[in-house]
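Undergrad: below is the sequence, then the predicted model.
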Amino acid sequence: STVDYLVQFNLVRYFTIGLQQHNANRPAIKAALAVLSELFKLDERCVMRFLCSRSNDGTLLDSMEILNKIFDRFKNYVDIARGILTLLKSMSSYDDAIDEMISTKIDESLLYEIKRFHSENDDVTQTCEHIMTRIRQRKSNS
């Protein structure tokens, strides 16, 4: 319904703002990444809202940069790396989201760093590879 969509749409915005404003709070970050991942599975418009969210003052939020900053702060924590990867994987079925990942070179920066930093974790490296493969496929089809 329209109400459900509006609730999801606003949840994405508020959780995106929360990721930016509370980027030092590991439990909050982990929870926000999980909620956003689930919302992204429901509707592509939620993904687009994440990519185009604005702060309370109307400033466009750079969602991919927010994820980079979170990983920089919590790179020693595999649960945060998994949370970021789950989020990106839930976005990876949507071409527009992949295009955003390509334009921000997330495969060369964030995914590369997560894979390198957590190379001993098979699930982390496999998820990185899955997303990188999707990016390569999209690049070759463009």
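TA: Arrived safely. Values in this document were obtained by computation on a predicted structure and should not be read as measured data.
Undergrad: tell me how many other residues crowd residue 51.
TA: 22 (other C-beta atoms under 10 Å). In this view, the C-beta of every residue, glycine as well, is placed from N, C-alpha and C.
Undergrad: correct me, but it touches residue 99?
TA: No. Contact between residue 51 and residue 99 fails when scored by C-beta atoms under 8 Å: they sit 9.6 Å apart.
Undergrad: just the buried residues of whichever strand or helix holds residue 86, please?
TA: The secondary structure element spanning residue 86 is helix 78-91 (assigned by DSSP states H and E). Taking 16 or more other C-beta atoms under 10 Å as the neighbour-count basis, helix 78-91 is seen to contain the buried residues 78, 80-91.
Undergrad: from these, which two are the most distant?
TA: The most widely separated members of the buried residues of helix 78-91, counting by C-beta to C-beta, are 78 and 91 (20.2 Å).
Undergrad: flag the shaky bits of this structure, pLDDT-wise.
TA: Low-confidence segments of the chain (pLDDT under 70): 1-3.
Undergrad: and the strands in it, which stretches?
TA: Under the criterion DSSP state E, strands are not mapped anywhere in the chain.
Undergrad: now the helices for it?
TA: Per DSSP state H, the chain has helices spanning 2-21, 26-42, 44-51, 63-74, 78-91, 95-103, 110-117, 122-141. These are given in chain order.
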